[in-house]
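Participant: Based on what follows, work out the 3D shape:
(2 chains)
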Amino acid sequence: GAVVSQHPSWVICKSGTSVKIECRSLDFQATTMFWYRQFPKQSLMLMATSNEGSKATYEQGVEKDKFLINHASLTLSTLTVTSAHPEDSSFYICSASLAQEFSYTFGSGTRLTVV
Amino acid sequence: AQSVTQLDSQVPVFEEAPVELRCNYSSSVSVYLFWYVQYPNQGLQLLLKYLSGSTLVKGINGFEAEFNKSQTSFHLRKPSVHISDTAEYFCAVTSGGYNKLIFGAGTRLAVHP
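Facilitator: Residues are numbered from 1 along each chain as shown, chains lettered A, B, ... in the order given. Okay, the predicted model is just below:
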(Lines give C-alpha, C1' and ligand atoms only; values in the text may rest on other atoms or scores of the structure.)
Protein backbone atom coordinates (compact mmCIF):
# COMPACT_ATOMS: atom_id res chain seq x y z
CA GLY A 1 0.00 0.00 0.00
CA ALA A 2 0.89 3.67 -0.22
CA VAL A 3 3.35 4.84 2.40
CA VAL A 4 4.18 8.37 3.45
CA SER A 5 7.27 9.02 5.54
CA GLN A 6 7.39 12.12 7.69
CA HIS A 7 10.57 13.23 9.37
CA PRO A 8 11.44 14.09 12.07
CA SER A 9 8.88 12.48 14.34
CA TRP A 10 9.65 14.98 17.06
CA VAL A 11 11.81 18.08 17.37
CA ILE A 12 12.62 20.60 20.06
CA CYS A 13 13.96 23.96 18.99
CA LYS A 14 14.75 27.30 20.52
CA SER A 15 12.51 30.29 20.01
CA GLY A 16 13.55 32.29 16.96
CA THR A 17 15.05 29.40 15.03
CA SER A 18 13.61 27.64 11.97
CA VAL A 19 12.58 24.02 11.67
CA LYS A 20 12.09 21.96 8.52
CA ILE A 21 9.74 18.99 8.34
CA GLU A 22 9.92 16.57 5.42
CA CYS A 23 7.13 14.52 3.92
CA ARG A 24 7.95 11.84 1.36
CA SER A 25 5.73 9.48 -0.56
CA LEU A 26 7.81 6.32 -0.70
CA ASP A 27 6.14 4.13 -3.27
CA PHE A 28 3.98 6.46 -5.32
CA GLN A 29 4.01 9.89 -6.89
CA ALA A 30 1.71 12.25 -5.04
CA THR A 31 -0.12 14.77 -7.18
CA THR A 32 -0.99 16.85 -4.17
CA MET A 33 0.26 17.13 -0.63
CA PHE A 34 -1.53 18.65 2.32
CA TRP A 35 -0.20 19.99 5.60
CA TYR A 36 -2.26 19.89 8.75
CA ARG A 37 -1.81 21.17 12.26
CA GLN A 38 -3.37 19.45 15.24
CA PHE A 39 -3.69 20.86 18.75
CA PRO A 40 -4.08 18.49 21.70
CA LYS A 41 -7.42 16.70 21.74
CA GLN A 42 -8.57 18.57 18.65
CA SER A 43 -9.17 17.85 15.01
CA LEU A 44 -6.83 18.39 12.09
CA MET A 45 -6.71 21.92 10.77
CA LEU A 46 -5.66 22.20 7.14
CA MET A 47 -2.84 24.69 6.74
CA ALA A 48 -2.06 24.48 3.04
CA THR A 49 -2.33 22.46 -0.14
CA SER A 50 0.65 22.05 -2.41
CA ASN A 51 1.04 20.72 -5.92
CA GLU A 52 4.40 19.80 -7.37
CA GLY A 53 6.12 22.69 -9.06
CA SER A 54 3.63 25.34 -8.04
CA LYS A 55 3.06 27.63 -5.09
CA ALA A 56 1.15 26.31 -2.14
CA THR A 57 -2.40 27.42 -1.48
CA TYR A 58 -2.76 28.50 2.12
CA GLU A 59 -5.92 28.39 4.18
CA GLN A 60 -7.31 31.58 5.58
CA GLY A 61 -5.49 32.72 8.67
CA VAL A 62 -2.30 30.75 8.00
CA GLU A 63 0.77 32.94 7.71
CA LYS A 64 2.52 32.22 4.43
CA ASP A 65 5.79 33.77 5.54
CA LYS A 66 5.91 31.76 8.74
CA PHE A 67 4.96 28.39 7.30
CA LEU A 68 6.96 27.94 4.12
CA ILE A 69 5.94 25.02 1.96
CA ASN A 70 8.05 23.66 -0.86
CA HIS A 71 6.90 20.87 -3.15
CA ALA A 72 9.96 20.31 -5.29
CA SER A 73 9.08 16.88 -6.63
CA LEU A 74 6.21 14.43 -6.84
CA THR A 75 7.58 12.59 -3.84
CA LEU A 76 8.77 15.33 -1.50
CA SER A 77 7.18 18.26 0.23
CA THR A 78 8.68 20.27 3.06
CA LEU A 79 7.20 22.56 5.68
CA THR A 80 9.54 25.08 7.27
CA VAL A 81 8.41 26.85 10.40
CA THR A 82 10.39 30.08 10.37
CA SER A 83 11.30 32.09 13.45
CA ALA A 84 9.46 29.61 15.62
CA HIS A 85 7.75 30.73 18.81
CA PRO A 86 6.24 28.69 21.63
CA GLU A 87 2.74 29.17 20.19
CA ASP A 88 3.90 27.26 17.10
CA SER A 89 4.32 24.17 19.26
CA SER A 90 1.94 21.59 17.88
CA PHE A 91 1.58 18.28 16.05
CA TYR A 92 2.05 18.68 12.30
CA ILE A 93 0.82 16.01 9.89
CA CYS A 94 1.27 15.74 6.14
CA SER A 95 -0.89 13.86 3.68
CA ALA A 96 -0.11 12.79 0.15
CA SER A 97 -2.89 12.35 -2.35
CA LEU A 98 -3.49 10.28 -5.42
CA ALA A 99 -6.41 12.22 -6.78
CA GLN A 100 -7.58 9.70 -9.30
CA GLU A 101 -7.84 7.02 -6.64
CA PHE A 102 -9.39 9.21 -3.94
CA SER A 103 -6.51 8.17 -1.78
CA TYR A 104 -5.13 10.29 1.03
CA THR A 105 -2.21 8.74 2.91
CA PHE A 106 -0.96 10.37 6.07
CA GLY A 107 2.47 10.66 7.55
CA SER A 108 3.06 9.69 11.16
CA GLY A 109 3.26 13.31 12.27
CA THR A 110 5.87 15.61 13.79
CA ARG A 111 5.66 16.85 17.36
CA LEU A 112 7.22 20.32 17.42
CA THR A 113 8.09 21.90 20.75
CA VAL A 114 9.48 25.42 20.77
CA VAL A 115 11.20 26.46 24.00
CA ALA B 1 -19.08 24.67 1.45
CA GLN B 2 -18.62 21.25 2.93
CA SER B 3 -18.65 20.44 6.61
CA VAL B 4 -18.63 17.41 8.86
CA THR B 5 -20.26 17.05 12.25
CA GLN B 6 -19.33 14.31 14.65
CA LEU B 7 -22.07 14.38 17.23
CA ASP B 8 -20.22 12.70 20.07
CA SER B 9 -16.90 13.97 21.37
CA GLN B 10 -16.48 10.89 23.57
CA VAL B 11 -18.01 7.43 23.51
CA PRO B 12 -17.31 5.09 26.42
CA VAL B 13 -18.14 1.44 25.87
CA PHE B 14 -17.39 -1.91 27.46
CA GLU B 15 -15.27 -4.49 25.73
CA GLU B 16 -17.19 -6.80 23.37
CA ALA B 17 -20.15 -4.40 23.20
CA PRO B 18 -21.29 -2.89 19.90
CA VAL B 19 -20.55 0.72 19.10
CA GLU B 20 -21.73 3.38 16.65
CA LEU B 21 -19.87 6.61 16.02
CA ARG B 22 -22.01 9.19 14.34
CA CYS B 23 -21.07 11.44 11.44
CA ASN B 24 -23.20 13.88 9.48
CA TYR B 25 -22.06 15.94 6.55
CA SER B 26 -23.28 18.88 4.54
CA SER B 27 -22.43 19.51 0.93
CA SER B 28 -24.03 20.89 -2.19
CA VAL B 29 -22.12 18.53 -4.46
CA SER B 30 -21.37 14.84 -4.63
CA VAL B 31 -19.25 13.73 -1.73
CA TYR B 32 -16.77 11.08 -0.90
CA LEU B 33 -16.62 10.06 2.74
CA PHE B 34 -13.89 8.62 4.89
CA TRP B 35 -13.30 7.32 8.40
CA TYR B 36 -9.82 7.47 9.89
CA VAL B 37 -8.41 6.27 13.21
CA GLN B 38 -5.63 7.99 15.11
CA TYR B 39 -3.65 6.44 17.94
CA PRO B 40 -1.76 8.75 20.34
CA ASN B 41 1.09 10.67 18.72
CA GLN B 42 0.56 8.99 15.39
CA GLY B 43 -0.78 9.90 11.99
CA LEU B 44 -4.11 8.80 10.60
CA GLN B 45 -4.94 5.34 9.34
CA LEU B 46 -7.75 4.79 6.87
CA LEU B 47 -10.54 2.55 8.17
CA LEU B 48 -12.83 2.75 5.16
CA LYS B 49 -14.17 5.06 2.51
CA TYR B 50 -17.30 5.53 0.45
CA LEU B 51 -16.87 6.60 -3.15
CA SER B 52 -19.89 5.10 -4.91
CA GLY B 53 -21.88 1.90 -5.23
CA SER B 54 -23.09 -0.08 -2.25
CA THR B 55 -24.01 2.16 0.64
CA LEU B 56 -22.66 -0.34 3.18
CA VAL B 57 -18.90 -0.13 3.29
CA LYS B 58 -16.72 -2.62 5.08
CA GLY B 59 -13.34 -1.61 6.36
CA ILE B 60 -10.41 -2.90 8.36
CA ASN B 61 -10.50 -4.21 11.93
CA GLY B 62 -14.15 -5.24 11.67
CA PHE B 63 -15.52 -1.73 11.15
CA GLU B 64 -18.26 -0.85 8.70
CA ALA B 65 -20.16 2.29 7.80
CA GLU B 66 -23.37 3.06 5.98
CA PHE B 67 -23.83 5.98 3.64
CA ASN B 68 -27.30 7.48 3.95
CA LYS B 69 -27.84 10.23 1.42
CA SER B 70 -31.30 11.24 2.63
CA GLN B 71 -30.03 11.72 6.17
CA THR B 72 -26.62 12.98 5.05
CA SER B 73 -24.98 10.56 7.43
CA PHE B 74 -22.07 8.15 7.40
CA HIS B 75 -22.10 6.42 10.77
CA LEU B 76 -19.34 4.01 11.75
CA ARG B 77 -20.18 0.75 13.49
CA LYS B 78 -18.49 -2.25 14.98
CA PRO B 79 -20.45 -5.20 16.44
CA SER B 80 -17.92 -6.04 19.15
CA VAL B 81 -15.12 -3.74 20.25
CA HIS B 82 -11.76 -4.58 21.76
CA ILE B 83 -9.57 -2.69 24.18
CA SER B 84 -7.23 -2.03 21.27
CA ASP B 85 -9.95 -0.03 19.51
CA THR B 86 -9.46 2.77 22.03
CA ALA B 87 -8.41 5.72 19.87
CA GLU B 88 -9.60 8.90 18.23
CA TYR B 89 -11.84 8.50 15.18
CA PHE B 90 -12.27 11.12 12.49
CA CYS B 91 -14.90 11.37 9.80
CA ALA B 92 -13.88 13.32 6.70
CA VAL B 93 -15.42 14.48 3.43
CA THR B 94 -14.14 15.66 0.08
CA SER B 95 -15.72 16.52 -3.21
CA GLY B 96 -12.96 14.62 -4.93
CA GLY B 97 -10.39 15.42 -7.54
CA TYR B 98 -7.51 17.35 -6.06
CA ASN B 99 -9.65 18.70 -3.26
CA LYS B 100 -8.79 18.73 0.37
CA LEU B 101 -10.27 16.53 3.06
CA ILE B 102 -12.47 18.29 5.58
CA PHE B 103 -12.41 16.67 9.00
CA GLY B 104 -14.92 16.44 11.77
CA ALA B 105 -13.94 17.29 15.33
CA GLY B 106 -13.27 13.67 16.16
CA THR B 107 -14.76 11.12 18.55
CA ARG B 108 -12.75 9.61 21.33
CA LEU B 109 -13.68 5.93 21.69
CA ALA B 110 -12.76 4.56 25.10
CA VAL B 111 -13.17 0.80 25.50
CA HIS B 112 -13.27 -0.40 29.09
CA PRO B 113 -12.70 -3.97 30.34
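
Participant: rest of the way, CA atoms for contacts and neighbours
Facilitator: OK.

Participant: does B:Asn61 count as helix, strand or coil?
Facilitator: Per DSSP: H, G, I helix; E, B strand; the rest coil, the secondary structure class of B:Asn61 is helix.

Participant: Next up, the contacts around it.
Facilitator: Taking Cα atoms under 8 Å, 6 or more residues apart in numbering or on different chains, we find B:Asn61 in contact with B:Leu47.

Participant: and chain A, which residues reach chain B?
Facilitator: A:31-32, A:34, A:42-45, A:49, A:93, A:97, A:99-100, A:102, A:105-109, A:111 (Cα under 8 Å from any Cα of the partner chain).

Participant: Okay, and which of these map to strands?
Facilitator: Counting by DSSP state E, those place A:Thr32, A:Phe34, A:Leu44, A:Met45, A:Thr49, A:Ile93, A:Ser97, A:Thr105, A:Phe106, A:Arg111 in strands.

Participant: coming back round to it: buried subset of the residues of chain A next to chain B?
Facilitator: With burial judged by 16 or more other Cα atoms under 10 Å in any protein chain shown, the buried subset of the residues of chain A next to chain B is A:31-32, A:34, A:43-45, A:49, A:93, A:97, A:99, A:102, A:105-109, A:111.

Participant: if I read this right, B:Lys58 contacts B:Trp35, doesn't it?
Facilitator: No - the criterion here is Cα atoms under 8 Å, and B:Lys58 misses it with B:Trp35 at 11.0 Å.

Participant: which non-adjacent residue is nearest residue 35?
Facilitator: With no chain named, the answer covers chain A. A:Cys94 (4.5 Å; Cα to Cα, 6 or more residues apart in numbering or on different chains).

Participant: right idea, wrong chain: chain B
Facilitator: B:Cys91 is the one closest to B:Trp35 (Cα to Cα, 6+ apart), at 4.6 Å.

Participant: do the same with A:Val62
Facilitator: Closest to A:Val62 by Cα to Cα, 6+ apart is A:Met47, at 6.2 Å.

Participant: Compute the number of surrounding residues for the one you found.
Facilitator: A:Met47: 23 surrounding residues under other Cα atoms under 10 Å in any protein chain shown.

Participant: and whichever strand or helix holds it, what does it pack onto?
Facilitator: Counting by DSSP states H and E, the element that carries A:Met47 is strand A:44-51. Contact partners of strand A:44-51 among helices and strands, from 3 or more Cα pairs under 8 Å, 6 or more residues apart in numbering or on different chains; DSSP states H and E: strand A:32-38, strand A:57-58, strand A:67-73.
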